[in-house]
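Peer 1: Predicted model, plus sequence, below.
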Amino acid sequence: MENNNEFKPLDLAKKSRTFCILPWIHQYVGPPGDVKPCCVYEHKEQIGSLKENTLKEIWNNDATKAMRLKFLNGEEDANCGRCNSRVELEAEFKNKFNDDFFTNNQGNQAVVAATNPDGSLDDHRLVYMDVRFNNLCNLACRSCGPHFSTSWIVDSRKLYNKKVKEGMDDEFQFPGKTEEQALSEMTPHLPTMESVYFAGGEPLMQKEHYEVLNTLVEVGNSDCHIRYNTNFTKFTMGAKHDAIEYWKRFKNVNVNASLDGSHAKAEYWRYGTVWKDVVANRQRMLQEVPHVRFNIGFTLSWPNAFNLIEFHREWVEQGYIHPDNILINCLDGPPYYSLKNIPDWKKAKIETALRDQIQWLKDRGASSQTVFMYETAIGFMHQQRALLSQTVPEGGLHDSLKNFSRITKKLDAIRGESFFDVFPEHLDIKEYMTEHGLHDEFDY
Ligand code: SF4
């Protein structure tokens with residue numbers, strides 16, 4: 001039922017171009033306790049903190065109420081840049097959430113209809129949760145940092161010459177005033193939860209992840225949709241916890257393996273990866289939990305663009321995946337890895353390879369959604385670099401390549417690696433940088 005004759009939130013939601021269901025059904029909690037409507041909300045922004053307030057208090061605070069009203073009234077939230085910048089591609093993140101939790105979901109439509117005119121909701125009812133219980137992770141991926149991985153802490157201090165701990169990013173973090181708070185606030189919602197998303201840090205290293213699954217079984221909610229973003233290197237935690245054994249107890253499980261490449265390229269890009277373990281894990285899943293849906297979650301940047309093609313083809317040919325078992329997410333930051341920030345002649349080479357891949361996939365029965373993902377990636381690459389002005393202060397291609405050079409050289413030295421040895425397909429970028437004097441030294 002709508003609240004009154006003047007204010008019809010459900011009608012507004014159905015008409016609004018900017019409507020996103022998440023602030024009505026979901027709370028994201030990051031490792032330092034930042035509470036947001038979703039995980040792709042602007043990195044440094046939050047609508048509350050679990051270090052200061054409870055989830056219930058944040059649910060109807062001024063920022064959350066204002067956000068709901070913006071979404072109903074067709075206004076953009078400036079911190080939803082990752083959705084706003086994809087409007088022209090019709091590939092906003094929120095579309096998937098609206099499809100899953102709003103368009104045909106009468107229960108959640110009733111929640112929207114019950115919005116009060118000030119944007120508040122009488123009930124604190126979460127049907128979808130994404131809580132990062134800590135930032136513990138065994139990998140230090142090039143596109144990540146200490147905010148989401150404890151394995152980055154030492155390298156980050158060396159990279160930026162930090163002498164002492166600087167800010168919350170530079171340590172082991174957990175949300176809340178105690179390590180237990182996030183789980184204890186989440187638990188009352190588990191009996192009616194429709195979907196839980198685990199990411200990290202590395203979720204399979206978090207004891208709270210296993211406790212959530214145990215509770216879901218105990219309260220009879222093993223129909224809950226369990227979703228993961230995992231680095232896919234390790235299925236066990238200690239002697240007692242084996243994720244595969246847990247997945248056998250749930251019907252509806254999706255595993256997105258954050259794999260941004262294969263073989264030596266995977267081991268470089270996702271530092272700490274042992275490629276043969278990744279392959280063995282996929283083989284074990286196919287044998288023991290074939291009901292678990294699996295996707296490669298590939299974060300596409302210019303360094304790994306050609307490797308996307310090799311990797312996708314290899315795993316299809318090996319029978320490890322169907323051509324459709326991939327989700328391509330175009331990397332927004334760090335901006336010096338973005339597909340947008342390379343010369344046009346390099347974009348043309350990548351586009352030719354991606355179009356060739358589209359044909360290869362079509363010949364093997366790939367769906368229109370998979371083809372659309374590849375085409376979206378091409379569209380993303382050609383979006384104007386100016387759209388990155390929020391994330392590239394200098395805004396220029398050459399400044400971005402200089403940043404790439406500085407960070408890559410120093411991190412390579414710290415880790416004893418060499419980018420152009422592992423990615424020889426980008427020697428043309430190296431030549432371009434030489435020609436234009438872009439091999440900047442690290443000057444921190
Ligand atoms: S960034 Fe997108 S998915 Fe996240 S709250 Fe904003 S509109 Fe929704």
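Peer 2: Perfect, thanks for sending it.
Peer 1: Number of residues surrounding residue 115?
Peer 2: Neighbours of residue 115 under the rule other CB atoms under 10 Å: 25. For the C-beta atoms, the positions are set from N, CA and C on the backbone; glycine is no exception.
Peer 1: Chain neighbours aside, what residue packs nearest to residue 94?
Peer 2: residue 20 (3.9 Å; CB to CB, 6 or more residues apart in numbering).
Peer 1: I'd say the one you found and residue 79 touch.
Peer 2: No - in this structure residue 20 lies outside contact range of residue 79 using CB atoms under 8 Å: 11.8 Å.
Peer 1: host element of residue 254?
Peer 2: strand 253-257 (DSSP states H and E).
Peer 1: What residues sit buried inside that strand?
Peer 2: Buried residues in strand 253-257, counted by 16 or more other CB atoms under 10 Å: 253, 254, 255, 256, 257.
Peer 1: hmm, back to that, make sure I have this right: the residue nearest to residue 94 is in a strand.
Peer 2: No - with DSSP: H, G, I helix; E, B strand; the rest coil as the criterion, residue 20 is assigned coil and is not in a strand.
Peer 1: what pLDDT does it get?
Peer 2: Per-residue pLDDT puts residue 20 at 96.
Peer 1: what distance separates the start and the end of stretch 194-208?
Peer 2: End-to-end span of stretch 194-208 (CA to CA, to the nearest Å): 18 Å.
Peer 1: related to what we said a few turns ago, nearest to residue 372, of the buried residues of strand 253-257?
Peer 2: Residue 372 has its nearest neighbour among these in residue 256, at 17.8 Å by CB to CB.
Peer 1: circling back: who has more neighbours, residue 20 and residue 79?
Peer 2: residue 20 (26 against 20).
Peer 1: ok, now which ones touch that one?
Peer 2: By CB atoms under 8 Å, 6 or more residues apart in numbering, the contact set of residue 20 is 37, 38, 71, 80, 83, 94, 97, 98.
Peer 1: gap between the nearest residue to residue 364 once chain neighbours are set aside and the ligand?
Peer 2: Closest residue in space to residue 364, ignoring its immediate chain neighbours: residue 323 at 5.0 Å, by CB to CB, 6+ apart. Counting by CB to the nearest ligand atom, to the nearest Å, the separation of residue 323 from the ligand is 27 Å.
Peer 1: Go ahead and confirm residue 36 touches residue 28.
Peer 2: Yes - applying CB under 8 Å, one finds residue 36 in contact with residue 28, separated by 4.7 Å.
Peer 1: who's more crowded, those two?
Peer 2: Set residue 36 next to residue 28 and count neighbours by other CB under 10 Å: residue 36 wins out with 26 against 22.
Peer 1: quick one: contacts for that one?
Peer 2: Neighbours of residue 36 in contact, by CB under 8 Å, 6+ apart: 27, 28, 30, 45, 46, 47.
Peer 1: Most widely separated two among those?
Peer 2: 27 and 45 (14.7 Å).
Peer 1: In terms of neighbours, single out the busier of these two.
Peer 2: Taking other CB under 10 Å, residue 27 and residue 45 do not tie; residue 27 has more neighbours (27 against 14).
Peer 1: Could you pick out the residues of the stretch 151-300 of the chain near the ligand for me?
Peer 2: Nowhere does the stretch 151-300 of the chain come near the ligand, counting by CB under 6 Å from any ligand atom.
Peer 1: Show me the helices in the stretch 151-300 of the chain, by range?
Peer 2: Using DSSP state H, counting those that start in this stretch, the helices of the stretch 151-300 of the chain run over 153-159, 181-186, 207-218, 243-247, 263-269, 275-288.
Peer 1: Mean pLDDT added to those helices, as CSV?
Peer 2: Listed next are these as CSV, based on pLDDT from 0 to 100:
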stretch, mean pLDDT
helix 153-159, 91
helix 181-186, 96
helix 207-218, 96
helix 243-247, 97
helix 263-269, 98
helix 275-288, 98
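Peer 1: Need the ones you listed in TSV (columns: mean neighbour count).
Peer 2: Listed next are the helices of the stretch 151-300 of the chain as TSV, based on neighbours: other CB atoms under 10 Å:
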stretch	mean neighbour count
helix 153-159	16
helix 181-186	19
helix 207-218	18
helix 243-247	19
helix 263-269	20
helix 275-288	15
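Peer 1: the strands in the stretch 301-444 of the chain, which residues?
Peer 2: 326-330 (DSSP state E, counting those that start in this stretch).
Peer 1: burial count for the residue in the stretch 251-400 of the chain positioned nearest to the ligand?
Peer 2: Ranking the residues of the stretch 251-400 of the chain by distance to the ligand (CB to the nearest ligand atom) places residue 332 first, at 11.3 Å. Using other CB under 10 Å, residue 332 has 23 other residues around it.
Peer 1: touching the ligand at all, the helix or strand of the chain with the lowest mean pLDDT?
Peer 2: Sorted by mean pLDDT, DSSP states H and E, the helices and strands of the chain end with helix 81-84, the least confident at a mean of 84. Yes - contact of helix 81-84 with the ligand (CB under 6 Å from any ligand atom) involves 82, 83.
Peer 1: Would the next helix or strand after that helix count as contacting the ligand?
Peer 2: Next in sequence after helix 81-84, counting helices and strands by DSSP H and E, comes helix 93-98. Yes - Helix 93-98 lies within reach of the ligand by CB under 6 Å from any ligand atom, at 93, 94, 97.
Peer 1: who touches residue 265 in this structure?
Peer 2: Per CB under 8 Å, 6+ apart, neighbours of residue 265: 304, 307, 422, 423.
Peer 1: if we can go back for a sec, ok, of the residues of helix 93-98 next to the ligand, which one's closest to residue 411?
Peer 2: For these, with residue 411 as the reference and CB to CB as the criterion, the closest is residue 93, at 28.7 Å.
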